[in-house]
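Engineer: how would this look folded up:
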Amino acid sequence: QVQLVESGGGLVQPGGSLRLSCAASGFTLDYYAIGWFRQAPGKEREGVSCISSSDGSTYYADSVKGRFTISRDNAKNTVYLQMNSLKPEDTAVYYCATALGSFCSDFGSWGQGTQVTVSS
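Structural biologist: Just a heads-up that it's a prediction; the model follows:
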């Protein structure tokens, strides 16, 4: 059974850091691009970051560039999102998803999400 499980969310003060994990089971992440998305209350889901499997290229939304870093550990079948200098506007449910192939497009399987709350 194909499954993605996000973890690592929580409550953090502005300026703090969190590392989200996206663990896959039932398939190997090696061959797929993986994206992180987020959805805040009352807002549409937006793409945050993506890492391809073809050459490891990474992509970031302008709002998180320089603060977030995506990485993958194929041995652990896990993708990470390191989030630094967090801001209240980063508050959202964060989801990971696999692309249908090695490039960052056409996402298929989704995790259940993990809540990130940035507040003092």
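Engineer: and the residue nearest to the spatial centre of the chain, what does it touch?
Structural biologist: Of all residues in the chain, the one closest to the mean position by CA atoms, centre = their mean is Trp36, 2.8 Å from it. Trp36 is in contact with 20, 22, 47-50, 70, 79, 81, 94-96, counting by CB atoms under 8 Å, 6 or more residues apart in numbering. C-beta: built from backbone N, CA, C; applies to glycine.
Engineer: mind listing the residues bridging to it?
Structural biologist: Per DSSP bridges, the residues bridged to Trp36 are Ser49, Cys96.
Engineer: hang on, the earlier thing: format the contacts of Trp36 as a markdown table; extra columns: neighbour count, distance to Ser120 and pLDDT.
Structural biologist: Formatted as a markdown table, the contacts of Trp36 follow (neighbours: other CB atoms under 10 Å; distance: CB to CB, whole Å; pLDDT from 0 to 100):
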| residue | neighbour count | distance to Ser120 | pLDDT |
| --- | --- | --- | --- |
| Leu20 | 24 | 21 | 98 |
| Cys22 | 27 | 28 | 97 |
| Gly47 | 16 | 27 | 97 |
| Val48 | 24 | 22 | 98 |
| Ser49 | 25 | 25 | 98 |
| Cys50 | 24 | 30 | 98 |
| Ile70 | 24 | 27 | 98 |
| Val79 | 28 | 29 | 97 |
| Leu81 | 27 | 22 | 98 |
| Tyr94 | 23 | 20 | 98 |
| Tyr95 | 22 | 25 | 98 |
| Cys96 | 32 | 27 | 97 |
